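J.: Fold the following for me, if possible:
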Amino acid sequence: MATIDLAPFFEERYSEIGAYLSFLQNVEDAAREGAPRFRGTNAPITTEQKKILNSSLYLQLYNLVEATVLRCLEAVVTAVEEAERLPNELSRELRTEWVRSVARTHNDLGPEKRLKAALDMCEQLLQQMPVKGFKIEPGGGGNWDDSSIEKMCERVGCGLTISPTVIQAAKRHIRDDMGALKLVKARRNGLAHGSLSFVDCSDGVTVAELKGIASAVGDYLREAVGCFVSFVEVEITKEDTVIAS
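T.: The predicted model follows:
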């Protein structure tokens, strides 16, 4: 089944975040008794180095967000193809994504290539061929947060239902008037594009705060994954389901 690895994939990736947070906590605990040092050397771990280590968590969290979203979209496409759905059996939202992909409507093409893409789509329709070889284009690289996830779910027709406590934790302002996912996106982009240094990124940020951010992000993504699993299993792969609109 297309979604069989979604939850395990997410939990495996999220466990890496937990492992790194444990390391950061050990460093912070050791710092309370003086500058922590690696065994076998007198060289201390400096305050600057601790800040750099803390800042790296934002990169890891953003990687988790993007990887989770992309894996969910891949699962939707795989489910459609494995169920051998015809284009007219797709929901309006998924049919739109199929046309966008096969006809390459959002690509900058010359007249001949655009004509070929249109003919390929017509051929599949005329031959009543099951949907194959299409992709849901995620778009907006580097900009995944709770708002963009909500828009993507609406775009593909996946009902996103997040529990009140989880949505509250995800959207509660932490720093710079931003919730957890938006803050992770902003800090990651600042680091990736060079507008924010690793030292400045986590200045004044404790491991406890990082744990809170990671928990809010993880809980939100976990419930989003559950929504995609239900969407695929109920709306796409169930044999007696008619999802055309």
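
J.: so residue 196 is in which element?
T.: Mapping residue 196 onto the secondary structure by DSSP states H and E places it in no helix or strand at all.

J.: Grab the nearest non-local neighbour of it.
T.: Counting by CB to CB, 6 or more residues apart in numbering, residue 190 is the residue found nearest to residue 196 once chain neighbours are left out, at 3.1 Å. No exception for glycine: its C-beta is placed from N, CA and C like everyone else's.

J.: Do I have it right that the one you found meets residue 201?
T.: Yes - the pair residue 190 and residue 201 passes the contact test of CB atoms under 8 Å, sitting 6.8 Å apart.

J.: okay, the two: which has more neighbours?
T.: Using other CB atoms under 10 Å as the criterion, residue 190 and residue 201 rank with residue 201 on top: 20 against 17.

J.: about what we covered before: what distance do you get for the residue nearest to residue 196 to residue 216?
T.: From residue 190 over to residue 216 the distance is 19 Å, taken as CB to CB, to the nearest Å.

J.: Residue 94 too?
T.: 30 Å.

J.: which phi and psi does residue 178 have?
T.: The main-chain torsion angles of residue 178 are listed as degrees, to the nearest 10 and equal phi -130, psi 140.

J.: Give the burial count for the nearest residue to it once chain neighbours are set aside, as a bare number.
T.: With sequence-adjacent residues excluded and distances taken as CB to CB, 6+ apart, residue 178 is closest to residue 186, at 6.2 Å. Other residues lying near residue 186 total 17 when counted by other CB under 10 Å.

J.: now for the helix or strand containing residue 186, which elements pack on it?
T.: If you go by DSSP H and E, residue 186 is part of helix 180-192. Counting contacts by 3 or more CB pairs under 8 Å, 6 or more residues apart in numbering; DSSP states H and E, the secondary-structure elements packed against helix 180-192 are helix 47-82, helix 146-156, helix 164-171, helix 198-201, helix 207-230.

J.: No further queries at this time; thank you.
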